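*Asks:* Dropping a prediction and its sequence here:
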Amino acid sequence: MELVQQFKAPRKSLGDIDAEATATLIAAAADVALVIDREGIIRDVAFGSNDLALEGYSEWLGQSWLETVTVESRTKIDMLLREAGKQAISKPRQLNHPSTRGTADVPVLYSVVQIGQEGRVVALGRDLRKMAALQQRLLDAQQSIEREYQRLRQAETRYRLLFHMASEAVLILDADSQKVMEANPAAGKLMGAAARQLIGRIFPEGLDKGSAQQVQGMLNTVRAAGRADDMPVLSADGTREYLISASLFRQDNASYFLVRLSALRGEPGAATVPKLKSKLLEVVEMLPDGFVVVNPAGEILTANRAFLDFVQLTSEEQVRGEHLERWFGRANVELDVVMNNLRANGSLRMFPTVLRGEFESVVEVEVAAVSVPSGDTPCFGFTFRPASNSESAKPAGAPHLPKSIAQLSELVGRVPLKDLVQETTDVIERMCIEAALELTGDNRASAAEMLGLSRQSLYVKLRRHGLGDLNSEGDTPES
């Protein structure tokens, strides 16, 4: 069975093509073309592009084809040559050639065609490095998606755990229809039904008539203004009093209400936090993310174990009453910016900053925060999650500056201008050196010439930026 579709009338359509024209066609049709005699010796070689010629493969002339490939590819050459004698063109097979520049092997896909009656064959090769690079990028993208999906699943698990273990009734409503989309067990207990039976019902429900009308007005205010003051409401049987709060949020191009009903002090079911921590507080205490509550002045009221680990302390008493600014941010102004934002907007998420430990460690974190203006004592809540690209710990004197120019604008106002200018210079210098090394195939002498530097100056900069292996043979600068 033929592997390719042959010309139907080659003599008529192509005419009398001479050897020079045939050689040009072969060279143009492949990245590399080899003419091999019946002994397996390469008698001629042509390159369709400079990529393989730069590897030094033009020196193959006169060598055995077997000697140009890696050990595991030699059996494939025998198969290609046997198939070339039995059919018009052999089945394509990948052979790996050693790289003369010290990088990974060069994969080439070969097909072999026999020509003439003297046993000579032509091997047509296609460079697979670009395809391999695309496959690697696809694999990296898939792995990145998997990591992001896993992170989202973990976040959803934490949300579900907190949602179901909360002692307060929590409802999520569709903002247009006011139908209950989600409800926790505490909400089901308040309304006298299982939480799953509340799905689809219209809220307000489980409250007396007067309270239901007030709640309806409250939801209309939240829908128009985004927020409204908390208000006390009565249960349908009039025996319990609750404080209801509502907020509006958007998800997947739709608006929802988050409604919370808290039992007021002295009522049946009211939380007795000073005597016994609720399950919700126990969960917060065990969270892997740092959690802190501060008063309007920024003084810490409470903190969980993860936050103590971030700031390298052992007990909550060591941080209680201290100002959060002691550990928060690269510059003192950052905490003021965050708290002003909370006073204006009520919440903040994914704010990048750092937490500084007592023993000079610095951890990059993402901050989510919320303002709680209601109640006897207004406060602010902060959660700290290690950033995905954070380093485990750095000395306090180490610069925490960006690795790309695009990140510099985020640091204006946090880092002195002198440090930003120095970092910009270092980033550009490093990028230019890396580009020169890549263009020259890691040839240090050529890279130095391209950059207009002496070899000694280039080696000094390589050491400063931690680029390359300066101890490898041939890399020692001349004295």
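*Replies:* That came through fine.
*Asks:* Please, where are all the helices along the stretch 351-479 of the chain?
*Replies:* 417-439, 444-451, 455-465 (DSSP state H, counting those that start in this stretch).
*Asks:* quick one: average pLDDT of the second one?
*Replies:* This predicted structure assigns helix 444-451 an average pLDDT of 83.
*Asks:* Then stretch 69-83?
*Replies:* Rounded mean pLDDT across stretch 69-83 is 88.
*Asks:* So the most centrally placed residue in the chain versus Leu138, what's the distance?
*Replies:* The centre of the chain sits closest to Ser144, judged by Cα atoms, centre = their mean, with a distance of 5.9 Å. Taking Cβ to Cβ, to the nearest Å as the measure, Ser144 falls 11 Å from Leu138. Heads up, the C-betas are built off the backbone N, CA and C, glycines and all.
*Asks:* Next: Ser49.
*Replies:* To Leu138, Ser49 is 23 Å away according to Cβ to Cβ.
*Asks:* how close does the residue nearest to the centre of the chain sit to Ser315?
*Replies:* Separation of Ser144 from Ser315 (Cβ to Cβ) stands at 39 Å.
*Asks:* Check Glu55 too.
*Replies:* 63 Å.
*Asks:* Tell me which residues of the helix or strand hosting the residue nearest to the centre of the chain come out buried.
*Replies:* In this structure, Ser144 sits in helix 129-165 according to DSSP states H and E. Applying a neighbour-count criterion of 16 or more other Cβ atoms under 10 Å, one finds Arg129, Leu162, Phe163, Met165 buried in helix 129-165.
*Asks:* which residues does the first one contact?
*Replies:* So the one you mean is Arg129. By Cβ atoms under 8 Å, 6 or more residues apart in numbering, Arg129 lies in contact with Asp51, Val106, Pro107.
*Asks:* which residues touch the first one?
*Replies:* This means Asp51. Asp51 makes contacts with Asp31, Asp127, Arg129, as judged by Cβ under 8 Å, 6+ apart.
*Asks:* Low-confidence ranges, the stretch 101-250 of the chain, go.
*Replies:* The model of the stretch 101-250 of the chain has pLDDT under 70 over residues 102-103.
*Asks:* Strands of that one, start to end?
*Replies:* Assignment of strands within the stretch 101-250 of the chain using DSSP state E, counting those that start in this stretch yields the ranges 106-115, 120-127, 169-174, 180-183, 231-234, 241-251.
*Asks:* could those be laid out in JSON lines, adding distance to Phe203 and mean neighbour count?
*Replies:* Listed next are those as JSON lines, based on distance: least, Cβ to Cβ, whole Å; neighbours: other Cβ atoms under 10 Å:
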{"stretch": "strand 106-115", "distance to Phe203": "63", "mean neighbour count": "20"}
{"stretch": "strand 120-127", "distance to Phe203": "65", "mean neighbour count": "21"}
{"stretch": "strand 169-174", "distance to Phe203": "5", "mean neighbour count": "22"}
{"stretch": "strand 180-183", "distance to Phe203": "6", "mean neighbour count": "20"}
{"stretch": "strand 231-234", "distance to Phe203": "12", "mean neighbour count": "16"}
{"stretch": "strand 241-251", "distance to Phe203": "10", "mean neighbour count": "17"}
